[in-house]
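[1] how does the following fold in three dimensions:
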Amino acid sequence: MSKKGDKETDTDQADFDVFVDKYDAILKEDLSLIAKSNELHFFPQSKADILKQITDRMNIEPENILEYGCGIGNNLSFIKNKYPHSKIFGCDVSEKSLEVSRERYPDMDFFVIGKNNEMKDMFDVILVPDVFHHIEPEDHKYFLDTISSYLRKNGIVVVLEHNPYNPVTQHIVRNCSLDKNATLLSLKYMKSLFISSGYSACLKGYFMFFPPKYQKLSPLERYIQKIPFGAKYFVSFEKKSNL
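    This is a model prediction of the structure:
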């Protein structure tokens with residue numbers, strides 16, 4: 001991310017307003033090492049699968065779900081398929097990205113991060129997929145506070161991030177223009193960030209052990225999630241009532 005509210009934070013950081021028209025093309029090129037163009041659905045599908053796995057394990061039937069950092073909405077249809085009875089929302093710092101999301105999903109609601117007080121205490125579940133590594137470390141607390149403002153008491157946040165210890169992940173991020181100046185963050189760091197802000201950690205693990213070519217093996221991943229070799233990790237947090 002390159003903006004905090006209306007304030008520019010780093011002109012060298014990837015500005016997603018600039019990449020809106022070519023976002024999918026960049027993903028296709030940068031992920032060509034591990035996925036064919038007709039396999040790119042594997043990535044948003046995996047994120048939605050992990051989210052559903054977590055809410056099922058925690059016996060949560062969310063009324064309102066927010067994707068925090070939804071961009072042009074590539075994950076949203078997969079989330080909706082998993083939660084047909086939930087209302088799905090999206091937010092982002094990139095207004096141009098949200099324009100695309102609104103066109104793609106007219107039945108969903110979208111807003112700019114930090115600019116909509118009506119969403120305070122609105123959501124049972126907030127998914128934060130691949131967002132924090134785009135944010136300057138000194139701004140992590142600011143964005144975490146906005147997440148907290150949108151989340152209901154005893155609601156959960158599910159964070160998905162790249163595993164910094166996976167060599168394939170490192171290579172892809174290093175060569176991706178969307179990840180310019182990105183800082184990969186460990187699961188341990190993410191836990192400490194949220195816990196220091198008063199959250200309690202719930203479920204955690206690693207996923208995307210297998211590339212799309214071997215996606216038939218993906219159901220086996222739930223048995224090896226403790227092994228820190230997956231391309232990505234997940235960690236969920238519950239908002240304590242005193243936050």
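[2] hey, let's count contacts and neighbours off CA atoms from now on
    Noted.
[3] distance from stretch 78-93 to the middle of the chain?
    Put simply, stretch 78-93 sits 12 Å off its chain's centre (Cα atoms, centre = their mean, to the nearest Å).
[4] can you give me the buried ones in that stretch?
    Across stretch 78-93, burial judged by 16 or more other Cα atoms under 10 Å covers 78-80, 82-83, 87-93.
[5] which of the residues you listed fall within helices?
    Counting by DSSP state H, the part of the buried residues of stretch 78-93 found in helices is 78-80, 82.
[6] what lines up beside the strand ranked longest in the chain in the sheet?
    Looking across the chain with DSSP state E, the single longest strand is strand 151-162. Strand pairing for strand 151-162, using DSSP bridges, gives strand 123-129 (parallel), strand 232-238 (antiparallel).
[7] quick one: which of those strands is nearest Ile50?
    strand 232-238 (7.8 Å; Cα to Cα).
[8] now that closest one: mean pLDDT?
    Across strand 232-238, pLDDT averages out at 98.
[9] ok, for the residue nearest in space to the middle of the chain, nearest residue in space, not its chain neighbours?
    Centroid-nearest residue in the chain: Pro129, 0.7 Å away (criterion: Cα atoms, centre = their mean). Using Cα to Cα, 6 or more residues apart in numbering and skipping residues adjacent in sequence, the residue nearest Pro129 is Leu160, 4.6 Å away.
[10] hang on, the earlier thing: ok, and what's touching the longest strand of the chain?
    The contact list for strand 151-162 (Cα atoms under 8 Å, 6 or more residues apart in numbering) reads 47, 51, 120-133, 169, 184-185, 231-243.
[11] pull out the buried members of the residues you listed.
    If you count burial by 16+ other Cα under 10 Å, the buried members of these come out as 47, 51, 122-133, 169, 184-185, 231-239.
[12] these two touch, right, Tyr165 and Phe229?
    Yes - Tyr165 is within contact range of Phe229, at 7.1 Å (criterion: Cα atoms under 8 Å).
[13] can you give me the helices for this structure?
    16-19, 23-30, 42-57, 76-82, 95-104, 140-150, 167-174, 187-195.
[14] what sits against Ile113?
    With Cα under 8 Å, 6+ apart, Ile113 has these contacts: 5, 91-93, 146.
[15] Ser200 contacts Phe237, correct?
    Yes - under the criterion of Cα under 8 Å, Ser200 makes contact with Phe237 at 5.5 Å.
[16] now for those two: what residues contact both?
    Phe194.
[17] out of everything not next to it in sequence, what's closest to Lys120?
    Closest to Lys120 by Cα to Cα, 6+ apart is Tyr150, at 4.5 Å.
[18] surely the one you found touches Asp124?
    No - using Cα under 8 Å, Tyr150 is not in contact with Asp124; the gap is 9.1 Å.
[19] gap between the closest residue to Pro228 other than its chain neighbours and His140?
    Closest residue in space to Pro228, ignoring its immediate chain neighbours: Tyr206 at 6.0 Å, by Cα to Cα, 6+ apart. Tyr206 sits 22 Å away from His140, going by Cα to Cα, to the nearest Å.
[20] looking at those two, which is more packed in?
    Neighbour totals were compared for Tyr206 and His140, and Tyr206 leads with 25 against 15 (other Cα atoms under 10 Å).
[21] pull the contacting residues for the more buried one.
    Taking Cα under 8 Å, 6+ apart as the test, what Tyr206 contacts is 163, 224-234.
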